[in-house]
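Visitor: Quick one: sequence plus predicted model below, questions after.
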Amino acid sequence: MGAIIPIQENIFCEPCKDCGARPIIEQIKGAFTVRCPNDKTHYKTKLGLVNIEDWNLKNKTYPPLGNTKNPQKAS
Ligand SMILES: [Zn+2]
């Protein structure tokens, strides 16, 4: 279990896509991960530098651009 570091309020963070919580930073032996405070199984970034950008990317609620799962048929 590492040390929990709150993310400053002036830094924009997407809420956890599973439960809507604001993420926190956990420090483990000099490395950092951005993760959900409620559940370890929710998304967390790779241990290393603080990567809020990666967290934001993975917790956006809409699919990334270029997703052609539902192509529109011409009628
Ligand atoms: Zn969560």
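Guide: Sure thing, it's come through. Numbering: from 1, shown residues only.
Visitor: Please make it C-alpha for all contacts and neighbour counts, starting now.
Guide: Noted.
Visitor: Any regions of the chain where pLDDT drops low?
Guide: In the predicted model, the chain carries pLDDT under 70 at residues 1, 63-75.
Visitor: Quick check, central residue of it?
Guide: residue 55 (2.7 Å; C-alpha atoms, centre = their mean).
Visitor: Can you tell me which residues in this structure are near the ion?
Guide: 16, 18, 19, 36 (C-alpha under 5 Å from the ion).
Visitor: what's the burial count for the closest residue to the second one other than its chain neighbours?
Guide: So that's residue 18. Excluding the flanking residues, the one nearest residue 18 by C-alpha to C-alpha, 6 or more residues apart in numbering is residue 42, at 6.7 Å. For residue 42, the count of nearby residues is 14 (other C-alpha atoms under 10 Å).
Visitor: got the contact list for residue 42?
Guide: By C-alpha atoms under 8 Å, 6 or more residues apart in numbering, residue 42 lies in contact with 16, 18, 35, 36.
Visitor: and it, what are its phi and psi?
Guide: As for residue 42, its main-chain torsions (degrees, to the nearest 10) stand at phi -70, psi 170.
Visitor: Next one: it relative to residue 10, how far apart?
Guide: Distance, residue 42 to residue 10, by C-alpha to C-alpha, to the nearest Å: 23 Å.
Visitor: ok, the closest residue to the ion within the chain - how many residues close by?
Guide: Closest to the ion within the chain is residue 19: 4.2 Å, counting by C-alpha to the ion. Residue 19 has 12 neighbours, counted by other C-alpha under 10 Å.
Visitor: Can I get the contacts of residue 42 in TSV including secondary structure and neighbour count?
Guide: Formatted as TSV, the contacts of residue 42 follow (DSSP: H, G, I helix; E, B strand; the rest coil; neighbours: other C-alpha atoms under 10 Å):
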residue	secondary structure	neighbour count
16	coil	24
18	coil	14
35	strand	24
36	coil	25
